[in-house]
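> one predicted model, sequence on top.
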Amino acid sequence: MGKPRATDWRLVVRTRVERVRADLAALGPVDPLDQESARWREVAEREAAVVDEVLEGDLGRWRTIAAWWSGWRIERGWRALHEAEIAVSAASPGFLGRLPGLVARVAEQLDETDPRRRALEELRPGEFPVGVERAVVVDALRAAFDRSDFAHAGSRALRNKLIAASAVLLLVNTALGVVGLLSPGYLPLCVRPEQLAAVCPTGAAAGGADVWLVQALGGFGAVLAAVVLLLRRRPSLTPYVTVGYQATIKVLLGASLAVVGVLALGAGVTTGLIGVSSQSALLLWAVILGYSQQVATRLLDSYADRVLEQARPLPGHGGEG
């Protein structure tokens, strides 16, 4: 089997675990009188080894697919990295010298009213014994990282739902296209304007390619909305990127809505509001109807933005949390 392919999240995790090792090396020799610091060093080294195992391990094709769907490999790597970063912070004798950065890091994830964040912000070096100060820092960092890790799980669940919805829409569109191909006219996509001959997507009479053509034009209309989504979406290093699946949903839903919309035109639902007097006008409406999916998928886009915003990178170590 080949080596795991390089991805954005792997590069970020690799960089951050190397920083953990560099911070451990900078601590110098272990003070035999500070057993607490020694224990935290052992934790940091053990968790860094777990990260290496996740990054370098080769599961094989089918287990890799299962790990991709469940997300256990990514999330195990991130959780181990977070524990290593917490441990290396706690192992440093002068860990309170990093207090401003720690406060900023925790503030990104915890609310102002969270007692762990407030305790960290109100901590003053020398006010409490070192063991108490270390406990305050560790508890606050763990709470912040836990929230980030749960957000990763939420973004994975959203990604999997988008994939499942895309599969269903693909099956529906394929079934409609096959029905239209085998039984032309079974899905009546022809429009009969008053006192005019029938107008069909592929000519003056129903054809086997009518459904496919309407779906293709509806998908094209949805592509315009998908391009806007891709252009406005800012780059992100979150391990679960959903923008591609959101665009797929738009295209497939646009194809479905184009068929439904042309059926509505043929049924006379829009009589008096929309007039279709030519084949070109009918095809243009298929494009417009495909773009209309944006009304519904805007809610999906907003929800996805909120989910991914919660899983955004944490400051301080140049990567995601």
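It's in.
> and the helix or strand Val251 falls within, what's buried?
Using DSSP states H and E, Val251 sits within helix 243-267. Buried residues in helix 243-267, counted by 16 or more other C-beta atoms under 10 Å: 243, 245-259, 261-262, 265-266. Where you see a C-beta, it was placed from the backbone N, CA and C, and this is true even at glycine.
> who does that helix touch, helix- and strand-wise?
helix 130-182, helix 210-232, helix 279-291, helix 294-310 (3 or more C-beta pairs under 8 Å, 6 or more residues apart in numbering; DSSP states H and E).
> gap between the longest one and the chain center?
Distance, stretch centre to chain centre, for helix 130-182: 6 Å (C-alpha atoms, centre = their mean, to the nearest Å).
> and for the third one?
Relative to its chain's centre, helix 279-291 lies at 32 Å (C-alpha atoms, centre = their mean).
> now do stretch 76-90
That offset, for stretch 76-90, works out to 23 Å (C-alpha atoms, centre = their mean).
> residues of it that come out buried?
Residues of stretch 76-90 classed as buried by neighbour count (16+ other C-beta under 10 Å): 77-90.
> I'd like those as JSON lines, with secondary structure and distance to Gln279 appended.
Output for these, formatted as JSON lines (DSSP: H, G, I helix; E, B strand; the rest coil; distance: C-beta to C-beta, whole Å):
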{"residue": "Gly77", "secondary structure": "helix", "distance to Gln279": "56"}
{"residue": "Trp78", "secondary structure": "helix", "distance to Gln279": "55"}
{"residue": "Arg79", "secondary structure": "helix", "distance to Gln279": "58"}
{"residue": "Ala80", "secondary structure": "helix", "distance to Gln279": "61"}
{"residue": "Leu81", "secondary structure": "helix", "distance to Gln279": "59"}
{"residue": "His82", "secondary structure": "helix", "distance to Gln279": "60"}
{"residue": "Glu83", "secondary structure": "helix", "distance to Gln279": "64"}
{"residue": "Ala84", "secondary structure": "helix", "distance to Gln279": "65"}
{"residue": "Glu85", "secondary structure": "helix", "distance to Gln279": "63"}
{"residue": "Ile86", "secondary structure": "helix", "distance to Gln279": "66"}
{"residue": "Ala87", "secondary structure": "helix", "distance to Gln279": "69"}
{"residue": "Val88", "secondary structure": "helix", "distance to Gln279": "69"}
{"residue": "Ser89", "secondary structure": "helix", "distance to Gln279": "69"}
{"residue": "Ala90", "secondary structure": "helix", "distance to Gln279": "72"}
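> Gly177 touches Trp212, doesn't it?
Yes: judged on C-beta atoms under 8 Å, Gly177 makes contact with Trp212 at a distance of 5.0 Å.
> still on that earlier bit, how about TSV for the helices and strands packed on helix 243-267, with distance to Val20 and mean pLDDT added?
Listed next are the helices and strands packed on helix 243-267 as TSV, based on distance: least, C-beta to C-beta, whole Å; pLDDT from 0 to 100:
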stretch	distance to Val20	mean pLDDT
helix 130-182	13	90
helix 210-232	35	89
helix 279-291	49	89
helix 294-310	24	80
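> make CSV out of these and add mean neighbour count and distance to Ser37.
Shown next, in CSV, are the helices and strands packed on helix 243-267 (neighbours: other C-beta atoms under 10 Å; distance: least, C-beta to C-beta, whole Å):
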stretch, mean neighbour count, distance to Ser37
helix 130-182, 17, 9
helix 210-232, 20, 47
helix 279-291, 20, 61
helix 294-310, 15, 33
